[in-house]
Structures are given as structure tokens and as C-alpha cells.
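# Mind folding the following:
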Amino acid sequence: MKSNAIRVVLAILLLAAMAAADDPWVKRSHKEWSRDDVDKVMKDSPWGREIATDYSFKRESEENKSTGGKQLTSATDRGDMQPTDFAMVLWWSAKTTRRAYVRMARLGGAQIAEEQAQQFAESDMPNHVVSVIGGGKMVDVSSKLAVDELKKAGWLDSPRLKRKILPEDVVVVKDQNGKAQQINFLFPRELEGQQIVTGADKKLMFKFKLPKDSKTTVEKAKQLEVAFQPAKMVAGGAADF
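Purely as a prediction, here's the structure:
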């Protein structure tokens, strides 16, 4: 029995290793990433996650499906709850994330000079930066809040440090038309002589409460969270966070 259990564990580890070897940041240069590779980095990687920010009840596909004589009176009767709005939450200070952003723009037809791309994607940031993009009206509505309010809207929870870490600053990034595109939370790299993030951290939680309408305050907004994996934030053989 013990030998069978060992074989199962080894098989799981082998499958995990094979999957990791196929990750685009391991297998290919970022200049060769496909759209699927970029999606993987930004939506399902140690650096980025896509999460649902709103839900609604979806009607059954068969409009004439028999209800057995039962009258449909509620949303739950008519269908299942489905996600409707999504946000990407990215570890923005990582070069891997910004490389994916540049690659996404180029795949979309943007003409970006190599010098400009290098300056944007390869520079070291003085802070750890977590970015929230999308979420329906979330970024647009929340971008209008005062900075002091936004500083209360996002934080890190470190299992290693056993504490809540507040941002030093929050920056709203706008596109060329002046529309809010993303909200960046800037965290210190050190706190009381301790590194906020290390390669030994298997999990680091980013939690945030961004309002999606002008009537909702930060305190009453729905709390969302993403688990980052600093121990796996490795690109080109080096830690990248």
C-alpha cells in the first residue's frame, strides 16, 4: 500500500513538472508568445489571475423546456448563476507581466519601438505593484475616489509576516483618451527591515474592495481576493516580482 501511494505522488509530481515545462515563460521568449501565451501569463499564472467580479442568473437554453407544471417565479428557478464581469489582477512590477502587456499590444497591431518596449517592460520598479484591470465599471467608478480612499481599498495579507500590508500610494492609469484603464497599488519592498516578498513565499494574498457604482463606499464594496505565488514567480532563472 505504501509503495502504491509513493507511485501516485511521483506521478502527480511528474505531471506537474511536465505542465510547468510547457508554460510560455519557461518554454519561449516573450517576443514569440502567441495570444494564448499572453492570456496564460495574464489570466492564469503566478503573476496574474482573472476573477469574476459580478454574477447573474442565466436562463436555460431550452426556452420551451418542460417545467413539469411548475411556474417559474424566481431567478434561481430560471437558470444557474453565471459570471458576467471579470477583472485581471496582475503583479505589475514583475517584468514578465509587462512583457506580456507589450506582446499583447503588438499582436493587436500596435507599433511599439524596441527602445520604448525595453523602457516599459524591463525597468525595475521601486515598489511592488499590483494592478487591477477591468471588472465592468469597477475601475472607472473607483478611479474617481480620492487617493486616501483608494489606499484603504487594497492590501496584501502575508502568511509569513502574519500581517496586513497597506499600499504606500495608489495610481490610476488612463489611456490616451483620458479613460481610466487600471488601478495600481504600490506596496513597499521592505517593512520594518523585512522583505515584503521573498522566493520562499508560496502564497501572498491581495485583497481589495473597489466600488462598482457611485452609491457604494469602499467599506461596503464586495471584497475580492487573489492568491499570488511568489515562489513560482521565476523567469529566465531569476525571481521576478
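# What segments of the protein are strands?
With DSSP state E as the definition, the chain shows strands at residue ranges 48-59, 79-91, 128-134, 154-158, 163-165, 169-174, 180-187, 190-191, 194-195, 204-208, 224-228, 234-235, 238-239.
# Let me know which of these is tucked in deepest.
Most buried of those, by mean neighbour count (mean count of other Cβ atoms under 10 Å): strand 128-134, with a mean of 22. Bear in mind the C-beta positions are built from the backbone N, C-alpha and C, glycine included.
# so for that strand, what's the average pLDDT?
For strand 128-134, the mean pLDDT works out to 97.
# cool, and stretch 138-154?
96.
# Kindly report the same for stretch 31-43.
Here the average pLDDT along stretch 31-43 is 97.
# cool, stretch 173-192 as well?
In the prediction, stretch 173-192 has an average pLDDT of 95.
# mind checking how far that stretch is from the chain centre?
In terms of Cα atoms, centre = their mean, to the nearest Å, the gap separating the centre of stretch 173-192 from the centre of its chain is 14 Å.
# And stretch 190-199, by the same measure?
21 Å.
# And stretch 108-119, by the same measure?
23 Å.
# Repeat that for stretch 33-52.
The answer for stretch 33-52 is 8 Å, by Cα atoms, centre = their mean.
# the helices in this structure, which residues?
2-21, 24-27, 35-43, 75-78, 95-107, 114-121, 138-142, 147-150 (DSSP state H).
# Would you single out the least confident of those helices?
Confidence, taken as mean pLDDT, is least for helix 2-21 of the helices of the chain (a mean of 40).
# Identify the bridge partners of Gly48.
With DSSP bridges applied, Gly48 shows beta-bridge pairing to Leu90.
# Now do the same contact list for the most centrally placed residue in the chain.
Residue closest to the average C-alpha location in the chain (Cα atoms, centre = their mean): Val89, at 2.2 Å. Applying Cβ atoms under 8 Å, 6 or more residues apart in numbering, we find Val89 in contact with Gly48, Arg49, Glu50, Ile51, Val130, Ser131, Val132, Ile133, Phe206, Phe208, Val226.
# let's see 7 Å
By Cβ atoms under 7 Å, 6 or more residues apart in numbering, the residues touching Val89 are Gly48, Arg49, Ile51, Val130, Val132, Phe206, Val226.
# And Gly135, by the same measure?
The contact partners of Gly135, taken as Cβ under 7 Å, 6+ apart, are Thr53, Asp85, Phe86, Ala87.
# now the closest residue to the second one other than its chain neighbours: how far from Ala231?
Read that as Asp85. Ranked by Cβ to Cβ, 6 or more residues apart in numbering and with sequence neighbours excluded, the top spatial neighbour of Asp85 is Gly136, at 3.5 Å. Distance of Gly136 to Ala231, given as Cβ to Cβ, to the nearest Å: 32 Å.
# Over to Gln176?
Counting by Cβ to Cβ - Gln176 and Ala231 are separated by 37 Å.
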